[in-house]
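In: need a 3D model of the sequence below.
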Amino acid sequence: EHIFSARDGGTNTRVYIRLVDNGLITITMGDGQQDITDLPYVAGVWNYIVLSWASDVGTVYLNGELHGTTVSAITAGASNNDTYELMLGAYAQNVASYNFQGNIDEVAIYNKALSAGDISALYSAKGTANLNDDGNSANLQGWWRMGDGDTYPTITDNSTNSNDGTMTNMASEDIAEDTP
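Out: Okay, the predicted model is just below:
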């Protein structure tokens, strides 16, 4: 089940975060060979996942704690195309059987790697931080609250960049306010 996936305008998946059958989270960067695996999550509670990717190094945090790093063959931001297809709760190749079965909240994308201190502060805020007012707001590319203030079928970008998304394979009752 894919929680997040991004690919360039071609068929290359650049990064994805997914749940695997053994109850673990796997994060794959680049050409599919650079995995950070074995992130244990607790089903039925919120899990805070961060991938910070600088140059060719990906660093993963789970619930505010450093979990691991990996080196990718692809440099962060490198693409032959200026646009990326981002999918929340789905696989970038549009395979329905890979859709995430659960809730996603507070997705943000920055054009810089956040520090361990930044990530810890966001985790401690438990979704109450205003990302437009913190020290990283100039680098905030998109912030989707995933239900808080959204009107079906639009997932509103709460950054200043207007990168709104469209709900696909969902219904208006799938919007959950004030989660977690």
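
In: which stretches of this structure form helices?
Out: Remark: helices assigned in the chain by DSSP state H are 116-125.

In: now do the worst-scoring helix or strand of the chain on mean pLDDT: everything it contacts.
Out: Least confident helix or strand of the chain, by mean pLDDT, DSSP states H and E, is strand 34-40 with a mean of 74. Applying C-beta atoms under 8 Å, 6 or more residues apart in numbering, the contact partners of strand 34-40 are 20, 23-29, 49, 58, 60, 62, 67-73. C-beta: built from backbone N, CA, C; applies to glycine.

In: apply 6 Å and report the result again.
Out: 24, 25, 26, 27, 28, 60, 62, 67, 68, 70, 72 (C-beta atoms under 6 Å, 6 or more residues apart in numbering).

In: those in strands, which ones?
Out: Taking DSSP state E, the ones among the contacts of strand 34-40 that sit in strands are 24, 25, 26, 27, 28, 60, 62, 67, 68, 70.

In: buried subset of these?
Out: Buried members of these, counted by 16 or more other C-beta atoms under 10 Å: 25, 27, 28, 60, 62, 67, 70.

In: give me the buried positions along stretch 50-67.
Out: 50, 51, 52, 53, 56, 57, 58, 59, 60, 61, 62, 67.

In: need the worst-confidence member of those.
Out: When the buried residues of stretch 50-67 are compared by pLDDT, residue 56 scores lowest at 76.

In: which one of the ones in strands among the contacts of strand 34-40 is nearest to residue 157?
Out: Distance to residue 157 across the ones in strands among the contacts of strand 34-40 (C-beta to C-beta) is lowest for residue 27, with 23.2 Å.

In: next, count neighbours for the residue lying closest to residue 174 once chain neighbours are set aside.
Out: Excluding its sequence neighbours, the residue lying closest to residue 174 (C-beta to C-beta, 6 or more residues apart in numbering) is residue 167, at 7.2 Å. Using other C-beta atoms under 10 Å, residue 167 has 16 other residues around it.

In: then residue 20?
Out: The tally of other residues near residue 20 (other C-beta under 10 Å) stands at 12.

In: with residue 176 instead?
Out: 14.

In: please name the nearest non-neighbouring residue to it.
Out: residue 147 (4.8 Å).

In: what residues are up against the one you found?
Out: Counting by C-beta under 6 Å, 6+ apart, residue 147 makes contact with 175, 176, 177.

In: next step: these restricted to strands.
Out: Short answer: the contacts of residue 147 have none in strands (DSSP E).
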